[in-house]
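Engineer: I'll drop the sequence and a predicted model, then ask my questions.
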Amino acid sequence: MDRLFLDANVLFSAAYRPDAGISRLWKLKRVELMTSAYAVEEARVNLESDEQRQRLEGLLWRVTIVAGLALLPRHVNLPEKDRPILQAALSGRATHLLTGDKRHFGRYLGRRVEGVWILSPAHYFRRVEAK
């Protein structure tokens, strides 16, 4: 079973429109969706309307909120605001960290960090469909 840690931008994208393609994640079987309170709050703050925020709350029913932050490996170099995302994914023992943040996570996309694959949602979907 894949344990998918969702970055704030994934949560944001899923809640932004009722028909968002990224919401396919919630329909996958044999996956556990997880995130952190930090990511939820970042998504919530960036959503524009109460309707979008309500949609986010509705999506969270199936998402485990990870508490705690693991230490980052020394070789990982991320901006301060992005460190808690990877730390929470590591703490929650995620198998995958799904992020659309190519600017900050770009050098790690398609790679594993301490056992966690860092992928874009599109890359994850391609992997699942190839199985």
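Structural biologist: Right, received. Where do you want to start?
Engineer: Off-centre distance for stretch 50-69?
Structural biologist: 11 Å (CA atoms, centre = their mean, to the nearest Å).
Engineer: nope, stretch 62-72 is what I was after
Structural biologist: 11 Å.
Engineer: All further residue positions should be reported with the first residue as 17.
Structural biologist: Done: numbering now begins at 17, and the last item shifts to stretch 78-88.
Engineer: quick one: average confidence on it?
Structural biologist: The average of the pLDDT scores along stretch 78-88 is 93.
Engineer: Distance across it, terminal residue to terminal residue?
Structural biologist: 27 Å (CA to CA, to the nearest Å).
Engineer: Thr80 touches Leu49, doesn't it?
Structural biologist: Yes - taking contacts as CB atoms under 8 Å, Thr80 lies within contact range of Leu49: 6.9 Å. In short, each C-beta sits where N, CA and C put it, glycine included.
Engineer: more crowded one of these two?
Structural biologist: Leu49 (21 against 14; other CB atoms under 10 Å).
Engineer: Any chance you could list what contacts stretch 41-52?
Structural biologist: 17-24, 26-27, 30, 75, 78-83, 100-101, 104-105, 108, 110, 114, 137, 144 (CB atoms under 8 Å, 6 or more residues apart in numbering).
Engineer: And stretch 116-130, what's buried?
Structural biologist: Buried residues in stretch 116-130, counted by 16 or more other CB atoms under 10 Å: Gly116, Asp117, His120, Phe121, Tyr124, Val129.
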